[in-house]
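Peer 1: generate coordinates for the sequence data below:
(4 chains)
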There are 2 protein chains.
Amino acid sequence: MATLPRRPHDRGDLRASLVTAARALVVAEDTEGLTLRKAAAAAGVSHTAAYRHFADEAALVAAVVARGFDELHAAAEAASGGPLDRLHGIGRAYVEFAVANPSLYRLMFGGEVPRRDVHAEPAAAEQRVHGLMSSAIVDAQASGELAGHDVADVTVLMACVLHGLCSLLLSGQLPVARSADLADTVMALVDAGLAAR
Amino acid sequence: MATLPRRPHDRGDLRASLVTAARALVVAEDTEGLTLRKAAAAAGVSHTAAYRHFADEAALVAAVVARGFDELHAAAEAASGGPLDRLHGIGRAYVEFAVANPSLYRLMFGGEVPRRDVHAEPAAAEQRVHGLMSSAIVDAQASGELAGHDVADVTVLMACVLHGLCSLLLSGQLPVARSADLADTVMALVDAGLAAR
DNA sequence: GGGGCAATGTCGCCACTGGTAACTCCCTCA
DNA sequence: TGAGGGAGTTACCAGTGGCGACATTGCCCC
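Peer 2: Okay, here's the model as predicted:
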């Protein structure tokens, strides 16, 4: 009897399938539900097959995290408008992403599993998001909407505030229902300190 | 043969011993090194004994996290000086704690293991830290060093900025060597927005 | 006093996880 | 055509969290 092709992932798409399956697991069962074995099973493959494409489970997790940052980057990139509006849009998109994908966001910033010093992928993807903020800040300074503080410092402040807010929201310290509201409030306070006057 | 007393933890101090052992494991082997079995072994007890004092491994972790917040609270409480100085002192103590106890801090804010909605302990301990900030903010507003924004909003901003900064520091996105410097920079920017003028 | 009794621990066991080693299959290419 | 290697598989291992049945101990109360 002619068996179906035994190697459906022959052309290297198993890697992508595993990342997709792992991401789905995170969404469905929260971060602790992510297991190399479950991801492999979901991809229709024995768990050892994953080791052909990832050194560790940690490497698989790192790939999921990197993909998460790519998604966050895409969401933030969609912000438009004048320089300061764009900066605010990025901030809102950031918080919206976190609220919409809490388990994924937690995985991305959990920090324990994917050590930034071991896996370069996620760190690079995160840097791209920060780059987006920097460019908006530069523009806002050029247009005179923000004072000329050191761009790196302001970017750090922005990243700190946004991540800190998301962290408090996702841990339940702040009500998720107020996320948009809180994002605006916090950014307004930051603006007050950065505004050109 | 006379066996040594089989129940060295009779008066309920096993719980405390387990938390201490677990905390030590986190410090020694980072968050992923914390295991219920290892903690029990370190306390000189079989691993199932731990279940007499904690429902889950998660409950043990939650206890470690709560204790971490207590330590953070104690460190922050030591800040003194005028209202605004005290607020800055709290901020510096916060960052110093994170840098000095990176693995513990990661566990405290990792978020995956100890869900705030399940374990009340850690959330309450965290709230106490925020309470410290609030009181300093209230004082600074009363003394006229800060403008009279909504205290809750300002507290959120403060907590966001501090946690965000620590998060970036511990993940390697910002150099730990500059932690004190960055803390001051970031807080100065925040102050600029909050200052009474 | 002595007898229950609950608290505290131990042992044995289970399912599951990450990881390794040895093997099979099948495609490619000299 | 046949050697080689990439991609998966099976079998296995140690370690982990968790459960249930049992032992021991000290305390409380008749």
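Peer 1: and the helix or strand hosting A:Leu18, C-alpha only, in PDB?
Peer 2: Using DSSP states H and E, the element containing A:Leu18 is helix A:13-29. Coordinates of each C-alpha in helix A:13-29 appear next as PDB, following Å, rounded to 0.1, in the frame of the first residue of the first chain:
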ATOM      1  CA  ASP A  13       9.400  24.000   6.800                       C
ATOM      2  CA  LEU A  14       9.200  21.900  10.000                       C
ATOM      3  CA  ARG A  15      11.100  24.600  11.800                       C
ATOM      4  CA  ALA A  16       8.400  27.100  10.900                       C
ATOM      5  CA  SER A  17       5.700  24.600  11.800                       C
ATOM      6  CA  LEU A  18       7.200  24.100  15.200                       C
ATOM      7  CA  VAL A  19       7.400  27.700  15.900                       C
ATOM      8  CA  THR A  20       3.800  28.200  14.900                       C
ATOM      9  CA  ALA A  21       2.700  25.300  17.000                       C
ATOM     10  CA  ALA A  22       4.600  26.500  19.900                       C
ATOM     11  CA  ARG A  23       3.200  30.000  19.600                       C
ATOM     12  CA  ALA A  24      -0.300  28.500  19.500                       C
ATOM     13  CA  LEU A  25       0.500  26.500  22.700                       C
ATOM     14  CA  VAL A  26       1.500  29.600  24.500                       C
ATOM     15  CA  VAL A  27      -1.700  31.400  23.500                       C
ATOM     16  CA  ALA A  28      -3.900  28.400  24.300                       C
ATOM     17  CA  GLU A  29      -2.300  27.200  27.600                       C
END
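Peer 1: how far does it sit from the chain's center?
Peer 2: 15 Å (CA atoms, centre = their mean, to the nearest Å).
Peer 1: tell me if the next helix or strand after that helix is near DNA strand C.
Peer 2: In the C-terminal direction, the helix or strand that comes right after helix A:13-29 (DSSP H and E) is helix A:36-42. Yes - applying CB under 7 Å from any atom of the strand, one finds helix A:36-42 touching DNA strand C at A:36-38. Bear in mind the C-beta positions are built from the backbone N, C-alpha and C, glycine included.
Peer 1: let me see the domain layout of chain A.
Peer 2: A:11-54, A:58-194 (automatic domain parsing).
Peer 1: what's the helix-or-strand element of chain A with minimal mean pLDDT packed up against?
Peer 2: Every helix and strand of chain A was ranked by mean pLDDT, DSSP states H and E. The lowest is helix A:179-194, at a mean of 88. The helices and strands touching helix A:179-194, judged by 3 or more CB pairs under 8 Å, 6 or more residues apart in numbering or on different chains; DSSP states H and E, are helix A:83-100, helix A:151-170, helix B:151-170, helix B:179-194.
Peer 1: flag every buried residue along the shortest one.
Peer 2: I take that to be helix B:179-194. Residues of helix B:179-194 classed as buried by neighbour count (16 or more other CB atoms under 10 Å in any protein chain shown): B:179, B:182-183, B:185-187, B:189-194.
Peer 1: now stretch A:32-43
Peer 2: Applying 16+ other CB under 10 Å to stretch A:32-43 flags A:34-36, A:38-40, A:42-43 as buried.
Peer 1: in what helix or strand does the residue positioned nearest the centre of chain A lie?
Peer 2: In chain A, the residue lying closest to the centroid (CA atoms, centre = their mean) is A:Phe69, at 3.3 Å. Using DSSP H and E, A:Phe69 falls within helix A:57-77.
Peer 1: check contacts around A:Val118.
Peer 2: By CB atoms under 8 Å, 6 or more residues apart in numbering or on different chains, the contact list for A:Val118 reads A:58, A:62.
Peer 1: what about 10 Å?
Peer 2: By CB atoms under 10 Å, 6 or more residues apart in numbering or on different chains, A:Val118 lies in contact with A:55-56, A:58-59, A:62, B:172.
Peer 1: need the buried ones from the residues you listed selected in ChimeraX.
Peer 2: To isolate the buried ones among those in ChimeraX, judged by 16+ other CB under 10 Å, type:
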select /A:58,59,62
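Peer 1: so which of the contacts of A:Val118 sits lowest on pLDDT?
Peer 2: pLDDT is lowest at B:Gly172 among the contacts of A:Val118; the value there is 83.
Peer 1: what secondary structure does it sit in?
Peer 2: coil (DSSP: H, G, I helix; E, B strand; the rest coil).
Peer 1: touching, it and A:Ala123? I think so.
Peer 2: Yes - between B:Gly172 and A:Ala123 there is a contact at 7.0 Å, judged by CB atoms under 10 Å.
Peer 1: what's the neighbour count on A:Val99?
Peer 2: 17 (other CB atoms under 10 Å in any protein chain shown).
Peer 1: typo on my end, it should be A:Asp30
Peer 2: Neighbours of A:Asp30 (other CB under 10 Å): 16.
Peer 1: distance of it relative to DNA strand D?
Peer 2: 14 Å (CB to the nearest atom of the strand, to the nearest Å).
Peer 1: next one: phi and psi at that residue?
Peer 2: phi 70, psi 170 (degrees, to the nearest 10).
Peer 1: got it, and A:Leu146?
Peer 2: Dihedral angles (degrees, to the nearest 10) for A:Leu146: phi -130, psi 150.
Peer 1: appreciated, that's everything.
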